[in-house]
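Colleague: Generate coordinates for the sequence data below:
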Amino acid sequence: MTEEEKENEKEQEAGVGVESEVEEKHHRPWRVVAIIVCAVAILAGVSFLPLEQWTNGRVSNFNLLGDIMDRTDDDSTAAQTDEMIDPALQEAMKDQRALDTAAVAEGEAPLLAVQPSRQNGQMVLEDYTEAGQGLKKMRESIKAGGVTRIAVIGDSYIEGDIFTQDLRQMLQTEFGGAGVGYVNMHTDFPGFRRSVKQGGKGWTEFAANKSAEKKYTSITQHYFKPTGNATSTYAGTEAIPHLASWDNSKFLFISPTDTEVKVKTGDGELVSHKITGSPEVQCVSVDGPTSNFEISTNGGSLIGLGAWMYGSKGVTLDCMSSRGFSGLTLNNVSADLTKQMSKFIDYDVIILEFGINAMSAKQKDYTVYANRMIDVINHVRECFPNADIIMMSIGDRGEKKAGEVHSMGSAPFMVNAQRDAARKSRCLFYDTRESMGGEDAIVSWVADGLANKDYIHLTHKGGQKLAEPLFNAIKNSVNK
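Modeller: As a prediction, the model looks like this:
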């Protein structure tokens, strides 16, 4: 090969290298675009996945467009929420006959006039009970000097014992008492609840809005089955007054077949209890001051109903929260089961806190919901005939419209529907929204760190603020 031919070959090779580099630079932006398109496609696909349903509300649904677009039209939308309308309510709303199935029709008895929610500037319990008896049963229980039991049954508004931990503290300071009361068998988020140190493993949860069997469904609306060796541990805390120790520790369960349950308190060893199989509710109880309680079992057929830890006298308050529930599933509570449980755990007051999961921004008519809640109140009354019943309204809730957050326009309609349910079923009523300040209260509560930026749920600080007026209203009713 001549020198000239060698030179031409070098030039051609160099040209190819330059051409390859140019081609690479030419295609590089398209590769970036392709990656972005794929990422957006994946995120868009996730937007269609029912994450809340799959995770029982622990993971919020993702909406790509909702997160990147600023709405400026006239459609009202929730400011930010991880709540869904309860499927039980959706089914009820499909059945138009529900409008005519109120447990107490207006024509059967005079509908009591609406009472003021405030007197002399203070929040009060609106009393729609027969003969205006107020908290008669709680009053009699406190006077008797034993244990006065209160259950607060609600949705995610009281999840993690927010609000209820402060109401418990105030009541125990006023009337005596100790211990956190009811705690379920297992939590996926140890530490989230500040009022008890909870641990354990090996339990499968069954909830009233899913695959739960009615015969095992109590007012807690959850029960648990062990998968192999299952344990539950509970320890007191000094972070909140009256919760460092307690006097009575109970484990309620059903065991259709013979099994073994081990429990311990304090620093002792696990004590074995041989359980004879029975379809009835059974209880393993340990009396004596303690700051911890441990349960262990490997009984495959056992159904764990929960643990109760409380003082020998004074007030005990149970927090029973169920994320996503509207309250309607309480109609599925087994009256026979609650009768059996009442031999070990009965109630003097039951407070119903629901409504968040029955609301939508545009809906104004909540007649169906109110009628079904009348059924719920009457069923709870059937299950616990010795209890006073208080219905709490929803708290204030926000929605975004034209870029600003204000109270949801349907909030007053829901409050009125809940009050009507209390009036027709003759129970007590507490206007939670009014106690927060009424219209646009949620805006200032978020600004002051009292509520989360979903404009629905309370912070611990907000729970403490909300508990005080209800505590005063209860105390004033008891001391009448």
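
Colleague: For Q282, what are phi and psi?
Modeller: Per-residue torsions, Q282: phi -120, psi 160 (degrees, to the nearest 10).

Colleague: Three-state assignment for the residue nearest to it when sequence neighbours are not counted, please.
Modeller: Leaving aside its sequence neighbours, Q282 sits nearest to F253 (CB to CB, 6 or more residues apart in numbering; 6.0 Å). C-betas here are computed from N, CA, C, even on glycine. Here F253 is strand, with the state taken from DSSP: H, G, I helix; E, B strand; the rest coil.

Colleague: so which strand or helix has the nearest residue to C283 once chain neighbours are set aside?
Modeller: Closest residue to C283 apart from its sequence neighbours, by CB to CB, 6+ apart: F344 at 4.5 Å. If you go by DSSP states H and E, F344 is not part of any helix or strand.

Colleague: what number of residues lie near M392?
Modeller: M392 has 26 neighbours, counted by other CB atoms under 10 Å.

Colleague: Tell me what the closest residue to it other than its chain neighbours is bridged to.
Modeller: Setting aside the residues directly before and after it, M392 is nearest to E353 in space (CB to CB, 6+ apart), at 4.5 Å. Taking DSSP bridges as the rule, E353 bridges to G154, M392.

Colleague: Check I303 too.
Modeller: Residues in beta-bridge contact with I303 (DSSP bridges): I254.

Colleague: Could you export stretch 340-359 as PDB, CA atoms only?
Modeller: Extracted in PDB, the C-alpha atoms of stretch 340-359 (Å, rounded to 0.1, in the frame of the first residue of the first chain):
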ATOM      1  CA  GLN A 340     -71.300 -12.600  76.300                       C
ATOM      2  CA  MET A 341     -68.500 -10.000  76.400                       C
ATOM      3  CA  SER A 342     -70.600  -7.900  78.800                       C
ATOM      4  CA  LYS A 343     -70.000 -10.500  81.500                       C
ATOM      5  CA  PHE A 344     -66.400  -9.300  81.500                       C
ATOM      6  CA  ILE A 345     -66.500  -5.800  79.900                       C
ATOM      7  CA  ASP A 346     -69.700  -3.700  79.900                       C
ATOM      8  CA  TYR A 347     -70.100   0.000  79.100                       C
ATOM      9  CA  ASP A 348     -71.800   3.000  80.800                       C
ATOM     10  CA  VAL A 349     -71.200   5.400  77.900                       C
ATOM     11  CA  ILE A 350     -70.700   4.800  74.200                       C
ATOM     12  CA  ILE A 351     -69.600   7.700  72.000                       C
ATOM     13  CA  LEU A 352     -70.000   7.400  68.200                       C
ATOM     14  CA  GLU A 353     -67.600   9.400  66.100                       C
ATOM     15  CA  PHE A 354     -68.300   9.000  62.400                       C
ATOM     16  CA  GLY A 355     -69.300  10.900  59.300                       C
ATOM     17  CA  ILE A 356     -66.000  11.700  57.500                       C
ATOM     18  CA  ASN A 357     -66.400   8.700  55.200                       C
ATOM     19  CA  ALA A 358     -70.000   9.500  54.400                       C
ATOM     20  CA  MET A 359     -69.200  12.900  52.900                       C
END
